[in-house]
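Trainee: Using only what follows, build the 3D model:
(chains A, B, C and D)
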Number of protein chains: 2
Amino acid sequence: MLELAILGLLKESSMHGYQLKKRLSETLGPFWQVSYGSLYPALKRLQRDGSVEVVFPREDVGRRKNVYRVTESGERLFSELVEASGHENQDENGFRVRLAFFRYLKPETRIGLLERRKAYLLNRLADIKTRLTSYRERVDTYTLSLMRHGMDSTEHDIQWLENMIRSERQAARRKPKRRTAVSKEGGHT
Amino acid sequence: MLELAILGLLKESSMHGYQLKKRLSETLGPFWQVSYGSLYPALKRLQRDGSVEVVFPREDVGRRKNVYRVTESGERLFSELVEASGHENQDENGFRVRLAFFRYLKPETRIGLLERRKAYLLNRLADIKTRLTSYRERVDTYTLSLMRHGMDSTEHDIQWLENMIRSERQAARRKPKRRTAVSKEGGHT
DNA sequence: GCTATATATATCGTTCCGATATATCGAGCC
DNA sequence: GGCTCGATATATCGGAACGATATATATAGC
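Mentor: Just a heads-up that it's a prediction; the model follows:
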């Protein structure tokens, strides 16, 4: 997850850890606070695995600035992570992070992610409803209120997703040309 | 957090880890999935610190069932944790867990927690609004949509909290007598 | 007696997090 | 020049969480 966020931000432009953290809280702001204790080790892992590389390494002590740049293999990792076929839905931030990088994805991929998220939320909604009818009497008012609120929020989230999907489809329909070209050749620039 | 949830459930009735996990996902259901990799180590810690004790220890191999019971010092820990004076608001589940054990708390404590949560969310709301006006042009549509949705959800959450606070105050006004009694005797059945 | 499934505990490796230590840099001030 | 302050920047520690997996027993259905 952090990996994905880092790679996404570095795609935009190379920078060092400190800036990364600032951009991170700029983008995901109140929803996700990343600490240095997560960030720097994550950068090390990515570097170890060849997904990012240091552009201007600190020669020795003093003048320590490590500017990180995403490598080709890092770009590939980004694409893999963003598709996320596992139990990625549990993690509330996972979807938010992906959304923050939607602009890098192909329209079909975008719609796919939105649909999968919607399916997950529909599942959750059904789950909550089952609970509400099944232990109506067995739980206290507070837990009940919590669940009802959870139900409302989930419904609201689903509506939001549906709007996103709708406008995504509209955008796809509006400029339907450029058939083969885009999907085949990948990114230029 | 996990600690708090465990203690709260054990207050209700003693049980072993497996049941604990089931009750946990019964109560917090779709919002929080606790794994054994978190649960058993947490139980060990609580036992080590004398907050819970094993009632029926497995004598030897086979017949392995550890029934956990909360101790007096565990009850005290529960009370401390539930008040949570640190950076507890970041953790979305923290508040949910506390709510699930609201019935154990005194009305003032309840209202206090609700107010603090509300204050946190108001802060967050203001934060999001600032962001929305400040980088209106600098972020893409998706991030913008995410933030607007976050704003709506936060507002919705605040309204929910306000309702809770209102009915909590009403309840407190309705039966202002019965001072000591209730808080002492705890739940039967 | 066989085979699932539910009950029950434990542990491994990886990641995450909060706190903290440390060093550099630029700006403002006297 | 010398001083402090706040922003920039990296590193690391211990503890906690997570997902996966291994293992064993008990129960139920056939």
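
Trainee: so how far is DNA strand D from the spatially closest residue to A:Leu2 that is not a sequence neighbour?
Mentor: Sequence neighbours aside, A:Ala42 is the residue nearest to A:Leu2 in space, at 4.7 Å (criterion: Cβ to Cβ, 6 or more residues apart in numbering or on different chains). Where C-beta positions appear, they are placed from N, C-alpha and C, glycine not excepted. Distance of A:Ala42 to DNA strand D, given as Cβ to the nearest atom of the strand, to the nearest Å: 10 Å.

Trainee: helices or strands next to the strand or helix carrying A:Ala42 in the packing?
Mentor: Taking DSSP states H and E as the criterion, A:Ala42 maps to helix A:36-48. Applying 3 or more Cβ pairs under 8 Å, 6 or more residues apart in numbering or on different chains; DSSP states H and E, we find helix A:36-48 packed against helix A:2-12, helix A:17-27, strand A:52-54, strand A:67-70.

Trainee: Now it - C-alpha only, CSV.
Mentor: What follows is helix A:36-48, C-alpha atoms only, in CSV (Å, rounded to 0.1, in the frame of the first residue of the first chain):
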residue,chain,number,x,y,z
TYR,A,36,8.8,8.2,8.9
GLY,A,37,9.1,4.9,10.6
SER,A,38,7.0,3.5,7.7
LEU,A,39,8.3,5.7,4.9
TYR,A,40,12.1,5.3,5.1
PRO,A,41,12.0,1.5,5.5
ALA,A,42,9.6,1.3,2.6
LEU,A,43,12.0,3.3,0.5
LYS,A,44,14.8,1.0,1.4
ARG,A,45,12.8,-2.0,0.4
LEU,A,46,11.8,-0.5,-2.9
GLN,A,47,15.4,0.4,-3.5
ARG,A,48,16.6,-3.0,-2.5
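
Trainee: What residues sit buried inside it?
Mentor: Within helix A:36-48, the residues that count as buried by 16 or more other Cβ atoms under 10 Å in any protein chain shown are A:Leu39, A:Ala42, A:Leu43, A:Leu46, A:Gln47.

Trainee: Same question for stretch A:5-18.
Mentor: Buried residues in stretch A:5-18, defined by neighbour count with 16+ other Cβ under 10 Å: A:Ala5, A:Ile6, A:Leu7, A:Gly8, A:Leu9, A:Leu10, A:Lys11, A:Ser14, A:Met15, A:His16, A:Gly17.

Trainee: And stretch A:154-164, by the same measure?
Mentor: For stretch A:154-164, a neighbour-count test (16+ other Cβ under 10 Å) marks A:Thr154, A:Asp157, A:Ile158, A:Trp160, A:Leu161, A:Met164 as buried.

Trainee: Quick check: phi and psi on A:Phe101?
Mentor: When read as degrees, to the nearest 10, the backbone of A:Phe101 gives phi -120, psi 20.

Trainee: these two touch, right, it and A:Leu81?
Mentor: No - using Cβ atoms under 8 Å, A:Phe101 makes no contact with A:Leu81, being 9.8 Å away.

Trainee: Of those two, which one has the most company?
Mentor: A:Phe101 (22 against 19; other Cβ atoms under 10 Å in any protein chain shown).

Trainee: Can you tell me which residues in chain A are near DNA strand D?
Mentor: Counting by Cβ under 7 Å from any atom of the strand, chain A comes close to DNA strand D at A:16-19, A:22, A:36-37, A:40-41, A:43-44, A:58, A:64-67, A:86-87, A:90-91.

Trainee: how far away is the residue with the largest distance to the centre of chain A from B:Pro41?
Mentor: Relative to the centre of chain A, the most outlying C-alpha is that of A:Glu137, 38.5 Å out, by Cα atoms, centre = their mean. Going from A:Glu137 to B:Pro41 by Cβ to Cβ, to the nearest Å gives 35 Å.
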